[in-house]
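Participant: coords please:
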Amino acid sequence: MMLIDTHCHLNDEKLSDRAEQIVASFKDDGIESAVCVGYDMPSSELAVKQAERFDSLYAAIGIHPHDATSADYDAYERLATLSSSKKVVAIGEIGLDYHYDLSPHAIQKGAMSEQIELACTLGLPVVLHIRDAYEEARRTLSEMSAYLTSGVLLHCYSGSAEMVKQFDRFDCFYAFGGAITFKNAVHNLEALAAVPRDRLVLETDCPYMTPVPHRGEVNEPKYISLVADKAAEVLHLSREEIEEITTYNAKQLFIRMK
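Facilitator: Have a look, this model is predicted:
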């Protein structure tokens, strides 16, 4: 059994030039596959292009809350067209970011809701980016519950352990990455322990969120091993059990994966 990196950005300029080299080392790095995630139209286009080039790479496509003002009918039509690729496994990353506030809240919420509806139409799960907006996200998911037909993943989950119980109502999956290795990660570790085992997946969010001891360096999918080791330690499981649990869960969520 190997690991699945459920959220990486090989479409980021920090990694795109080395994408072939990075993917070629997946097997040696203990990685079965990874999901390259779009955050606007150009990055979504590139994610699909990369996924179609490499057997072990998949794509998620969508418009991040930072770029919610660009979400319109034409963008959704293009996302629908891109989703015809069998390598597209989700709509995302979409959601709410009230930390940076780069788009008005109402527009963020509208773009999130519209892309959830699109995902429902396409039969794909959604990958949510939520920052400083978990209660608003919970309300939005409640309002959109009829459209949550193919799964929900809370990428880089940073909500509380108590909030896990709220999101469990929507059968959410929860992704944890490099943040659980940080010295100030008590909050994250409590949330990790609260997540149902059948809803846990791992990610790197590379080139961001580089785990200890490589903080300050550019993150890469190969560092998913450090996240897995920390998760095993916190949950009192073997490394093999973490691999088995999280890889199985990723395939349950992303049904287009081989």
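
Participant: host element of residue 201?
Facilitator: Using DSSP states H and E, residue 201 falls within strand 200-202.

Participant: so which elements touch the following helix or strand past that strand?
Facilitator: As assigned by DSSP H and E, the chain's next helix or strand after strand 200-202 is helix 224-235. The criterion is 3 or more Cβ pairs under 8 Å, 6 or more residues apart in numbering; DSSP states H and E, and the helices and strands that helix 224-235 contacts are strand 3-8, helix 186-194, strand 200-202, helix 239-253. C-beta: built from backbone N, CA, C; applies to glycine.

Participant: verify the stated contact: residue 153 with residue 124.
Facilitator: No: in this structure, residue 153 is not within contact of residue 124 by Cβ atoms under 8 Å, at 11.0 Å.

Participant: mutual contacts of the two, please.
Facilitator: Shared contacts of residue 153 and residue 124, defined by Cβ atoms under 8 Å, 6 or more residues apart in numbering, are found at residue 90.

Participant: ok, which of the helices and strands packed on helix 224-235 comes nearest residue 180?
Facilitator: The closest approach between residue 180 and any of those, judged by Cβ to Cβ, belongs to helix 186-194 at 5.0 Å.

Participant: who are the packing partners of the closest one?
Facilitator: Identification of packing neighbours for helix 186-194 by 3+ Cβ pairs under 8 Å, 6+ apart yields helix 161-167, strand 173-176, helix 224-235.

Participant: out of those, nearest to residue 13?
Facilitator: Closest to residue 13 of the helices and strands packed on helix 186-194, according to Cβ to Cβ: helix 224-235, at 21.1 Å.

Participant: my guess is residue 234 meets residue 191, correct?
Facilitator: No: between residue 234 and residue 191 there is no contact, the gap being 10.4 Å when judged by Cβ under 8 Å.

Participant: so which of the two has more stuff around it?
Facilitator: Neighbour count, other Cβ atoms under 10 Å: between residue 234 and residue 191, residue 191 has more, with 22 against 17.

Participant: neighbours around the residue nearest to that one when sequence neighbours are not counted, how many?
Facilitator: Of all residues not flanking residue 191 in the chain, residue 161 sits nearest, at 4.9 Å (Cβ to Cβ, 6 or more residues apart in numbering). Counted with other Cβ under 10 Å, the neighbours of residue 161 add up to 15.

Participant: tell me the confidence at residue 161?
Facilitator: At residue 161, the model reports a pLDDT of 98.

Participant: so how far is residue 200 from it?
Facilitator: Using Cβ to Cβ, to the nearest Å, residue 161 is found at 13 Å from residue 200.

Participant: got it, and residue 181?
Facilitator: Relative to residue 200, residue 181 is positioned 16 Å away (criterion: Cβ to Cβ).

Participant: now do residue 209
Facilitator: 17 Å.

Participant: ok, residue 225 next?
Facilitator: Relative to residue 200, residue 225 is positioned 16 Å away (Cβ to Cβ).

Participant: count the neighbours of the residue lying closest to residue 242 once chain neighbours are set aside for me.
Facilitator: Excluding its sequence neighbours, the residue lying closest to residue 242 (Cβ to Cβ, 6+ apart) is residue 232, at 4.5 Å. Per other Cβ under 10 Å, the neighbour tally for residue 232 reads 17.

Participant: OK, contacts around residue 232?
Facilitator: Residue 232 neighbours (Cβ under 8 Å, 6+ apart): 238, 239, 241, 242.
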